[in-house]
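Colleague: what's the 3D shape of this:
(chains A and B)
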Number of protein chains: 2
Amino acid sequence: MRDAYVLGAGQSSFGSFPDRTYLSLFDEAFDAAIDSVDEELSPDVIDEAFLGTLGVGGRQIGLSGPAVTEHVGLHGVPTTRVENACAASGYAFRQAVTAVRSGLVDVALAGGYEVMTDASSDHTRWWLGVSGETEWERMSGTTFSGVYAQMASAYMDEYDASVEDLSRVAVKNHGNGAQNPKAHLGFECSLEDAVSAPPVADPLNLYHCCPTTDGASAVLVASEDVAREHSDELIRVAGTGASSGRVGLFQRESLTSIPATVRAGEDAYEDAGIDPSELDFAEVHDCFAIAELLAYEDLGFCDRGEAGRLLREGVTDPDGELPANTSGGLKSKGHPIGATGTGQIVEAFDQLRGEAYVQVDDPRYGLTHNVGGSGGGVTVHIFEKEEVLA
Amino acid sequence: MRDAYVLGAGQSSFGSFPDRTYLSLFDEAFDAAIDSVDEELSPDVIDEAFLGTLGVGGRQIGLSGPAVTEHVGLHGVPTTRVENACAASGYAFRQAVTAVRSGLVDVALAGGYEVMTDASSDHTRWWLGVSGETEWERMSGTTFSGVYAQMASAYMDEYDASVEDLSRVAVKNHGNGAQNPKAHLGFECSLEDAVSAPPVADPLNLYHCCPTTDGASAVLVASEDVAREHSDELIRVAGTGASSGRVGLFQRESLTSIPATVRAGEDAYEDAGIDPSELDFAEVHDCFAIAELLAYEDLGFCDRGEAGRLLREGVTDPDGELPANTSGGLKSKGHPIGATGTGQIVEAFDQLRGEAYVQVDDPRYGLTHNVGGSGGGVTVHIFEKEEVLA
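Modeller: So this is what the prediction gives:
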């Protein structure tokens, strides 16, 4: 099995764009990905595409994948649309990596797109609702805020955590996002702001919840030969891990861990041959503040109940030992569902090339963590700056 | 790149099942696939799953893939839901083949499911509508019957074809489906019935259109080692081909050919190293009668304008030179959107093992052809009975 490399990666601005379609947003992301490649690359080299989206706000639903690739000029390129809720493009990326590793293709495109703020359609909210478990969550009125609020309550109870612990996720991620011109909510917030915001689903308040966002992202995955030919630095996909889990929270044994994250992380570390202590940064799935705390523990960044301490001690700040969500994360950069997974990989690519807006010091390994729903499907990827070429 | 093999394949009954969920239908298909394996196989060997569905009739939409794998006991198995309209599980199968070829997994599950007849939800019809091109087809009132009717009109005009040519597709496929106990419309029809049925979208009448169907299908794809250990015969995935195309019919140069089928077919023949003359049977995507005629020509079974002759001369009858849709096809076996692609592969598997309901004589090569929408995404697969083991 040969290795796969990230050749280029880019994203559209994330935000609320009532006048733009998913095609226009993806076009921007695709151009950014092509432009990010060191040596000029013709899109004609792309052999296959894997695109993630939950739904596109009442516009093209069936076959939106081919609609997107045809729109950006990739005529005839086999295109698979992946839907795994918020982990759609994390999974799309995994399939792109697999396709390159198999030798079936030399260059694959992975990406995602979502239009969520379109108020002229009732589909946006409906799509979000249906990604939860249907029979016992959605139909009894539970929303995603409600599901994650249950996890937050249980966590605070089990580990004596505080609203400040949750709020520090917002403070850190907004601090990072304020320096990212592509962020949806690119402003800072104070701990006081974050603690005292209006409630959404107790104990989660407005600053503990990510926004609904329009946006797109695109990543080019290539064989080593193609990567060597077109890159100044080799960014290798060192590890891929994925796992499904019970879609309904009520079906799981614990509310304070997402087992699919644990398994996907273990698989990714094993595939990469490293352990968490070797990571130099991570983009974790902070759809709600509690999700970032659980991610730290499920991914082995610290022991159970220690996530709050990591935040308090600045371990995951940009100048800490393991910076997390330097992009601003879902909280500040935004969460255009299908675009989030490959959007995280855009940040990993930029970090490893030393071109991030909030740059960490000379990183070698970075991790991305993408969660569907409340943990029904998770992907974890590990990237390595392998070699600086002449 | 190593080879991938079909280890087992099975489907649920296809039909109208108002009292059954997509979970129950997939369960039936999954059990049938596991039971079809020669030597007892524990589902625990399944490493990854790829499941196709357009939508599931208003039930679980987001994350229905993991909901399905968890339901059949595949806890934690990474599961990608693919949506490529009617080609969803053709593409899911391609990803399963790629995953096995890559060496990342030894056994992959590909499958699909759809609940279409549920009249308690308005989603079924909506899902179907949204798979067409949105801006110039769906929003101007064109349905899929309408789109294929335009192709039929153009074909009849260009090649002086008759309503009898279209109708012979129904006669043949119903004749085959009548012998398939899992078919949705398992009854015969005469040429007179098929010619004189009530109009749907001129020139297509009721017998020129497939039904809307509930059902599920599942295929197990494995490495050679696993296949040798568990099989009496080796059924190899000789070739995979896929292509996207313009989603809207109005965007294409011709109405009498689906370019994505031509490209996917060429790729599959090249991957398999054979040409169409070596095929012993084919399952082609006959969502409408005209689609089967176009498939014959796009896949190189005959020259342009010759498809009607093939039907008249019985070339694609079960005892002809190249039997097509021995399962009954979408027309008679049924078309549960997401289940159709892997449902065709169930027939290919059964044929190559000599266990089909309408068995062709000692076949070596078979082809399956799965079309999304009116040709926005197509997959073609070629299977070979490679070796009879001890």
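
Colleague: from here on, contacts and neighbour counts on C-alpha atoms
Modeller: Will do.

Colleague: for residue A:359, give me phi and psi.
Modeller: Backbone geometry at residue A:359, expressed as degrees, to the nearest 10, gives phi -90, psi 130.

Colleague: so it sits right up against residue A:349, yeah?
Modeller: No: taking contacts as C-alpha atoms under 8 Å, residue A:359 lies outside contact range of residue A:349: 11.4 Å.

Colleague: neighbour-wise, which of the two wins?
Modeller: residue A:349 (25 against 21; other C-alpha atoms under 10 Å in any protein chain shown).

Colleague: OK, contacts around the more buried one?
Modeller: A:6, A:8-9, A:235 (C-alpha atoms under 8 Å, 6 or more residues apart in numbering or on different chains).

Colleague: will you turn those residues into CSV that also has secondary structure?
Modeller: Formatted as CSV, the contacts of residue A:349 follow (DSSP: H, G, I helix; E, B strand; the rest coil):
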residue, secondary structure
A:6, strand
A:8, strand
A:9, strand
A:235, strand
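
Colleague: from those residues, pick the one nearest residue A:213.
Modeller: Of all those, residue A:213 sits closest to residue A:9, with 19.4 Å by C-alpha to C-alpha.

Colleague: what's the neighbour count on the closest one?
Modeller: So residue A:9, with other C-alpha under 10 Å, has 31 neighbours.

Colleague: that one and chain B, how far apart?
Modeller: 22 Å (C-alpha to the nearest C-alpha, to the nearest Å).

Colleague: mind checking pLDDT for that residue?
Modeller: Predicted confidence (pLDDT) for residue A:9: 98.

Colleague: wait, doesn't it sit right on residue A:216?
Modeller: No: with contact defined as C-alpha under 8 Å, residue A:9 does not reach residue A:216; the gap is 11.3 Å.

Colleague: mind listing the shared neighbours of those two?
Modeller: Contacts common to residue A:9 and residue A:216, judged by C-alpha under 8 Å, 6+ apart, are absent.

Colleague: need the contact list for residue A:151.
Modeller: By C-alpha under 8 Å, 6+ apart, the neighbours of residue A:151 are A:255-256, A:290.

Colleague: swap the cut-off to 7 Å and go again
Modeller: Applying C-alpha atoms under 7 Å, 6 or more residues apart in numbering or on different chains to residue A:151 gives the contacts A:255-256.

Colleague: can you tell me the SS state at it?
Modeller: helix.

Colleague: contact residues of the stretch 101-250 of chain A facing chain B?
Modeller: Counting by C-alpha under 7 Å from any C-alpha of the partner chain, the stretch 101-250 of chain A comes close to chain B at A:101-103, A:130-134, A:242-247.

Colleague: quick one, which of those are buried?
Modeller: Listed as buried from these are A:101-103, A:130-134, A:242-247; burial here means 16 or more other C-alpha atoms under 10 Å in any protein chain shown.

Colleague: max pairwise distance over these: which two?
Modeller: A:103 and A:134 (39.0 Å).

Colleague: low-confidence ranges, the stretch 51-200 of chain A, go.
Modeller: A:56-58, A:119-130 (pLDDT under 70).

Colleague: and the helices in it?
Modeller: A:64-71, A:88-102, A:123-130, A:144-159, A:163-177, A:191-195 (DSSP state H, counting those that start in this stretch).

Colleague: can you say which helix or strand has the most centrally placed residue in chain A in it?
Modeller: Per C-alpha atoms, centre = their mean, the C-alpha nearest to the average position across chain A is that of residue A:341, at 3.3 Å. Using DSSP states H and E, residue A:341 maps to helix A:337-352.

Colleague: let me know the angle separating that helix from helix A:88-102.
Modeller: Counting by axes from the mean of the first three to the mean of the last three C-alpha atoms, to 10 degrees, helix A:337-352 lies at 60 degrees to helix A:88-102.

Colleague: residue A:194 and chain B, how far apart?
Modeller: In terms of C-alpha to the nearest C-alpha, residue A:194 sits 30 Å off from chain B.

Colleague: that residue: how many residues sit nearby?
Modeller: What residue A:194 shows, counting by other C-alpha under 10 Å, is a neighbour count of 21.

Colleague: same check on residue A:188?
Modeller: So residue A:188, with other C-alpha under 10 Å, has 18 neighbours.

Colleague: on that earlier part again, out of the helices of the stretch 51-200 of chain A, flag the one nearest residue A:304.
Modeller: So among the helices of the stretch 51-200 of chain A, helix A:144-159 is nearest, using C-alpha to C-alpha, at 8.4 Å.

Colleague: angle of that closest one against helix A:163-177?
Modeller: 120 degrees.

Colleague: give the buried residues for helix A:144-159.
Modeller: Result for helix A:144-159 [16+ other C-alpha under 10 Å]: buried residues A:144-156.

Colleague: stretch A:341-357 now?
Modeller: A:341-353, A:356-357.

Colleague: closest one to chain B out of those residues, please.
Modeller: Closest approach between the buried residues of stretch A:341-357 and chain B, by C-alpha to the nearest C-alpha: residue A:341, at 13.8 Å.

Colleague: and residue A:371, backbone torsions?
Modeller: phi -110, psi 130.

Colleague: now it: how far from residue B:2?
Modeller: As judged by C-alpha to C-alpha, to the nearest Å, residue A:371 and residue B:2 stand 31 Å apart.

Colleague: again with residue A:175
Modeller: 48 Å.

Colleague: those two: which is more packed in?
Modeller: residue A:175 (23 against 13).

Colleague: excluding chain neighbours, what is closest to that one?
Modeller: In this structure, residue A:175 finds its nearest non-sequential neighbour in residue A:188, 5.0 Å apart by C-alpha to C-alpha, 6 or more residues apart in numbering or on different chains.

Colleague: then residue A:294?
Modeller: residue A:257 (6.0 Å).
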